[in-house]
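Peer 1: Could you look at this predicted model? Sequence included:
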Amino acid sequence: MKHHFKIQTHGKFLFLIMSTISLILMMFLTTLIWWFVSPRLHSISSMVAIFSLTVLRLFYISVILGIVSIYLSCYLSLTLSFLNKFIRLSITILFPINVFLGKFIGISKDRIRTSFVHVNNSFLNINKHNFANDEILILLPHCLQNYDCNLRITNNIDNCKECGKCKIMDLKRISKKYKVKIAIATGGTLARKIIVQTKPKCIIAVACQRDLVDGLLEVFPIPVYGVLNERPYGPCINTTVDVDKIEDFLKHFIKEKK
Ligand code: SF4
């Protein structure tokens, strides 16, 4: 049973196709620019012209390698860790172009971000991922806590009295059940600090689109299972999350003890 579990990543196609179009556009525009400036470069020195063309070609090759690796990971569950830096480079370069493109064709930033979270999650469907329970960290945003609750759970989730008014209760319980680390971050700086201190091999991160994407890009290639929070009362207040998704992940990705 365990080996057939797959995280649902249906939304990944949007990010992939937009990145591919962005790549083609970027190559077209930069080639055009180079074509215009190359006579000037040649007039300075042919060495300068050859050097700049080589740099441009190496850059293209790196971004193409990154995109091809993402497709291989997403659709064939194939990954080569030495290509990780190319994946990171291509996402960093193409993400802003995707957002720019999205503005023209009416695709919101959040839709692109959500699709990227699916792309990222599909990296985890590669079979080799299995973690010991103490290697996993569940990282939560503070806005999951009920707004009227005054208990200081950011220092220690055990301070939650389990009244059931928010999902912190269930999350605390599953962290105990599966013996995984759990922490609540009030922002990016604290999240980074928690990651440095706990050194997880895998993170289950709950956040809104913007924070999640920023975090994913920052910690890559640490595998992160991204779970978007739900915001029935708007952003940053009394948000909630599908705890079953997190429990399913834990059930299937924790290494069985021999
Ligand atoms: S479940 Fe815990 S954190 Fe949430 S409101 Fe109740 S005591 Fe506070």
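Peer 2: Cool, the structure landed.
Peer 1: so what does the lengthiest helix in the chain touch, helix or strand wise?
Peer 2: For the chain, the longest helix by residue count, based on DSSP state H, is helix 12-44. When contacts are defined as 3 or more C-beta pairs under 8 Å, 6 or more residues apart in numbering; DSSP states H and E, helix 12-44 packs onto helix 46-76, helix 84-105, helix 109-123. Using the backbone N, CA and C atoms, a C-beta is placed for each residue, glycine as well.
Peer 1: need these in CSV with distance to the ligand, mean pLDDT and mean neighbour count, can you?
Peer 2: Compiled in CSV, those are given as follows (distance: least, C-beta to the nearest ligand atom, whole Å; pLDDT from 0 to 100; neighbours: other C-beta atoms under 10 Å):
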stretch, distance to the ligand, mean pLDDT, mean neighbour count
helix 46-76, 36, 94, 15
helix 84-105, 34, 95, 16
helix 109-123, 25, 95, 21
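Peer 1: Which positions within the longest helix of the chain qualify as buried?
Peer 2: For helix 12-44, the neighbour count (16 or more other C-beta atoms under 10 Å) marks 12, 14, 15, 16, 18, 19, 22, 23, 26, 41 as buried.
Peer 1: Can you tell me which of those residues is nearest the ligand?
Peer 2: residue 12 (32.8 Å; C-beta to the nearest ligand atom).
Peer 1: In this structure the closest one contacts residue 112, no?
Peer 2: No: counting by C-beta atoms under 8 Å, residue 12 does not reach residue 112; the two are 11.4 Å apart.
Peer 1: ok, residue 238 to the ligand distance?
Peer 2: 10 Å (C-beta to the nearest ligand atom, to the nearest Å).
Peer 1: ok, and which of the buried residues of helix 12-44 reach the ligand?
Peer 2: Among these, proximity to the ligand is found for none (C-beta under 6 Å from any ligand atom).
Peer 1: Which of the residues you listed lies at the shortest distance from residue 174?
Peer 2: residue 12 (26.1 Å; C-beta to C-beta).
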